[in-house]
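> need the 3D shape of this:
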Amino acid sequence: MKRYLILLFVLTLMLLTACSFRQANAEEPDKSGSDVQQGETSKEQEQETDSAALSALRQEAAGANCPCAIACPNFETDETTFPAIRDALREAYPVLEDAVCVDAGGEEYYVIVPTGNFGDILAGYFAREMGLPVGRLVCASNANNVLTDFLRTGHYDRRRPFYQTVSPSMDILVSSNLERLLYLLSGDDRLVAGLMEKLSACGSYDVPEEMLAKLKELFWAGFCDDEGTKAAIGKVWRDYHYLCDTHTAVAWDVAQQYKRENPNHNPVVILSTASPYKFPAAVLEGIGETARGDEFAVMEQLHAVTGVPVPKNLAGLREREVLHRDVIAPEEMLSYVLEKAGKKNW
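You can find the predicted model right below:
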C-alpha cells in the first residue's frame, strides 16, 4: 500500500517539475552567433543522452514482462522536458514496476483522494495511465463540493456559497488542475479554452456527453461536511487507533459512502495527505476533547491525550523567530510588493 502512495507523490513532483521546466525553456531569450552553434551541439549531445536513457527504461520494462511496459513506451517527451524529469523518472520507475508486477494478477485498487484543486488525484490518473493497477479514482471533497457535482453531472458551477472548513486545503471553488484533465480526455484545446472562458465570464460550463461518460468511467465522487469530518476522526481513532487529519477524514468518510453504494467494491486505498498536528483543534474535537489555549498548547494537548508524537518540524516552531509581521489590505498589495522589491534585506 505504501508503494502506491509514494508513487502518487513522486508523480506529482514529476508533473510540477516538468511544467516548471517547460515554462523556463519558453522564457529563455534567443542567442546569436557562435554561441548558438556551440549551444546546438551541446543540445544535440544532451538529447542523445536523454534518448538513450529513456530507451534503456523502456527496454527494462519490456524485459521484465511487466504490464507497465505497455504504458512506459508511450511516455513521450522532448528536449525541453526530459532533462527536467529524467532523474525523477529513474526513481519513480522502479516503484511503478514493482507495484504493477506484484499486483498484475490481482484486483485493481480504488484510490480515495481528498482534493480541492484536483492535483493529487490528477497524479493518480497519470499513474493509472502509466500502468499502475488502479481502477476508479474517488474524488473526496468537503462542503465546497463543486467537484462532486461536476463529476456526477458534467456541470461545473462556481456560483455557490464558499465555506471555510476544518479542511482548508480543499476550500476551493475553481480547481485549476481540472483543466489539464479535460484536455487529456478530449485532446481538443479549443473546446477546453471555450469551457474556461465560460467559467470566467459566466461562472459555469457543461462538458459534452461523451466527455461526461469518460469522467464517470474513471472517477467517482462524494463529499463530507465539517460535522462528518469530525465524526470520522473520532470513529477512526476509536476503531483503529489511527489519528488522522481533517483532509484524510474527509477521504475516509467518502470511502464509506463509496463502499455502501458499491457493495461488491474492489480493495480501497485512502490517500492520507497531512499530519493531524497541522489541525489540532479540529482533531481534538473529533476525538471528543475541547481545545484549550493557542495552537502550540493545543498540539501539546493532542499529544497528551493520544500519545501520538508531534512531528519535529511542528514541535520546534514555538522557539523559531517570527520573520514577517506586516498585515496589509488587499488594495495595498501592489505598492507593498514594489516597495519591498527595492530593498536588499526585508
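> mind showing which ranges of the stretch 201-346 of the chain have poor pLDDT?
In the predicted model of the stretch 201-346 of the chain, residues 346 satisfy pLDDT under 70.
> can you give me the helices for it?
In the stretch 201-346 of the chain, the helices defined using DSSP state H, counting those that start in this stretch lie at 209-218, 226-240, 246-261, 280-286, 295-306, 312-315, 333-341.
> by how many degrees do the longest one and helix 226-240 diverge?
The reference is to helix 246-261. With axes from the mean of the first three to the mean of the last three CA atoms, to 10 degrees applied, the angle from helix 246-261 to helix 226-240 works out at 80 degrees.
> mind listing what's buried in helix 246-261?
246-258 (16 or more other CB atoms under 10 Å). No exception for glycine: its C-beta is placed from N, CA and C like everyone else's.
> just the pLDDT for E44.
Per-residue pLDDT puts E44 at 58.
> whoops, H155 was the one
98.
> from what I can see A291 touches E285, true?
Yes. Judged on CB atoms under 8 Å, A291 makes contact with E285 at a distance of 6.7 Å.
> taking helix 209-218 as reference, get the angle to the longest strand belonging to the chain.
Across the chain, the longest stretch assigned as strand under DSSP state E is strand 134-141. Relative orientation of strand 134-141 versus helix 209-218 (the same axes, to 10 degrees): 100 degrees.
> quick check: mean pLDDT of strand 134-141?
94.
> show me what that strand is packed against.
Helices and strands touching strand 134-141, by 3 or more CB pairs under 8 Å, 6 or more residues apart in numbering; DSSP states H and E, are strand 109-114, helix 120-130, helix 146-153, helix 209-218, strand 219-223, helix 246-261.
> which of these is buried the deepest?
Each of the helices and strands packed on strand 134-141 was assessed for mean neighbour count using mean count of other CB atoms under 10 Å. The highest is strand 109-114, with a mean of 25.
> what sits up against that one?
4, 8, 103, 120-121, 124, 133-141, 167, 170, 220, 247-248, 250-252, 254-255, 258, 265-271, 273 (CB atoms under 8 Å, 6 or more residues apart in numbering).
> and the gap between the residue lying closest to L314 once chain neighbours are set aside and Y242?
Spatially, and ignoring its direct neighbours in sequence, L314 is nearest to Y277 (5.2 Å; CB to CB, 6 or more residues apart in numbering). Here the distance between Y277 and Y242 works out to 14 Å (CB to CB, to the nearest Å).
> and for A291?
On the measure of CB to CB, A291 and Y242 end up 20 Å apart.
> so those two - more neighbours on which side?
Taking other CB atoms under 10 Å, A291 and Y242 do not tie; A291 has more neighbours (17 against 14).
> who are the neighbours in contact with that one?
Contacts of A291 by CB under 8 Å, 6+ apart are P280, A281, L284, E285, V298, Q301.
> with C202 instead?
Here C202 is in contact with no residue (CB under 8 Å, 6+ apart).
> measure it to R190 for me?
From C202 to R190 the distance is 18 Å (CB to CB).
> domains in this structure, by residue range?
1-26+40-104, 107-272 (automatic domain parsing).
> what number of residues lie near E295?
When neighbours are counted by other CB under 10 Å, E295 registers 16.
> show me what contacts the closest residue to it other than its chain neighbours?
In this structure, E295 finds its nearest non-sequential neighbour in P280, 6.7 Å apart by CB to CB, 6+ apart. Contacts for P280 were tallied using CB under 8 Å, 6+ apart; they are A291, E295, V298, M299, Q301, L302.
> the residue nearest to L314 and A255: what is the separation?
Taken as CB to CB, the span from Y277 to A255 is 23 Å.
> A329 now?
Distance from A329 to A255, by CB to CB: 42 Å.
> what of V146?
20 Å.
> do the same with L215
Distance from L215 to A255, by CB to CB: 20 Å.
> next one: F162
According to CB to CB, F162 and A255 sit 25 Å apart.
> same deal with V283?
Relative to A255, and taking CB to CB, V283 is found at 18 Å.
> picking that back up, the buried residues of helix 246-261 into TSV, with extra columns for distance to P309?
What follows is the buried residues of helix 246-261, written out as TSV (distance: CB to CB, whole Å):
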residue	distance to P309
T246	19
H247	20
T248	17
A249	20
V250	24
A251	23
W252	21
D253	25
V254	28
A255	26
Q256	28
Q257	31
Y258	31
